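Asks: My questions are about this predicted structure, shown below with the sequence.
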Amino acid sequence: MDPVRWVVLLRGVNIGNVRIAMKELGEAITGHGFAGVRTVLASGNVVLTTDAEDPARIAADVHRVIRERFGFEIVVLTVPVPVVRTAVEEYPFPRVEDRHAYVVFAERMEALAELLEAAGALDPAVEQVATGEGVLYWDAPRGETLTTAFGRHYGARQKSGAVTTRNLNTLEKILAVA
């Protein structure tokens, strides 16, 4: 079995009282036996290599490292690099300066379906949501992501820990080190 490159997305890092230095995080994850560990930005993005194939196991291992080393209970989602690459390449909406281009990831695909259904009919002049391969794409006005119809539903769902979002700029930076 060949090692697989994974993107690890931490939800809620370096917001409020949850502060983790990315250099220390990378060292802790490397010390746990993962290879090729790279952190990206200060918002909880890690790229690593492992022989493990089960995303839930990888997430549990990284979660344990964070809990033991830093004392935080962090939601950890793992995504294979090819899924992230496809999400970026297939983003369906125009990328314009006054809008946010988001990709929503989930630990369970049912969470994405529930989120999409709960949002109901959206005004396409305000925001748009589309399904992708294991992700949702979300186009929203800059500065209004918490107040749009989908944003309100997303915020409530995000509190459950089941989903996390990254903008395309961040995902492109992640892919640059993957």
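Replies: Done, it's in.
Asks: CA only for contacts and neighbour counts going forward, please
Replies: Fine.
Asks: Any regions of this protein where pLDDT drops low?
Replies: Low-confidence segments of the chain (pLDDT under 70): 1, 157-161.
Asks: what number of residues lie near Gly120?
Replies: If you count neighbours by other CA atoms under 10 Å, Gly120 ends up with 11.
Asks: for the chain, what spans make up the helices?
Replies: Here the chain has its helices, by DSSP state H, at 22-31, 55-70, 81-89, 109-119, 149-158, 168-177.
Asks: Identify the residue nearest Met109 in space, chain neighbours excluded?
Replies: Leaving aside its chain neighbours, Met109 sits nearest to Gly134 (6.5 Å; criterion: CA to CA, 6 or more residues apart in numbering).
Asks: got a list of what that neighbour touches?
Replies: With contact taken as CA atoms under 8 Å, 6 or more residues apart in numbering, Gly134 is in contact with Val83, Phe105, Met109.
Asks: Mind checking which of these are buried?
Replies: Neighbour-count burial within the contacts of Gly134 applies to Val83, Phe105; the criterion is 16 or more other CA atoms under 10 Å.
Asks: From the contacts of Gly134, pick the one nearest Ala28.
Replies: Nearest to Ala28 among the contacts of Gly134, counting by CA to CA, is Phe105 at 24.2 Å.
Asks: Next up, the contacts around that closest one.
Replies: By CA under 8 Å, 6+ apart, the contact set of Phe105 is Leu77, Leu112, Gly134, Val135, Leu136, Val163, Thr164, Thr165.
Asks: Quick check: the farthest pair among the residues you listed?
Replies: Greatest spacing in the contacts of Phe105, by CA to CA: Leu77 and Leu136 (14.8 Å).
Asks: In terms of neighbours, single out the busier of these two.
Replies: Counted by other CA under 10 Å, Leu77 and Leu136 do not tie: Leu77 has more neighbours, with 26 against 22.
Asks: Pretty sure the more buried one sits against Glu107.
Replies: Yes: using CA atoms under 8 Å, Leu77 is in contact with Glu107, at 5.9 Å.
Asks: Can you tell me who the closest residue to Arg95 other than its chain neighbours pairs with across the strands?
Replies: With CA to CA, 6+ apart as the criterion, Arg95 has its nearest non-adjacent residue at 6.6 Å, and that residue is Ala101. Judged by DSSP bridges, the bridge partners of Ala101 are Asp139.
Asks: What separation do you get for Ala101 and Leu115?
Replies: Distance, Ala101 to Leu115, by CA to CA, to the nearest Å: 17 Å.
Asks: ok, these two, which is more surrounded?
Replies: Neighbour totals were compared for Ala101 and Leu115, and Ala101 leads with 23 against 18 (other CA under 10 Å).
Asks: Report the contact partners of that one.
Replies: Neighbouring residues of Ala101 by CA under 8 Å, 6+ apart: Phe93, Arg95, Tyr137, Trp138, Asp139, Ala140, Asn167, Leu168.
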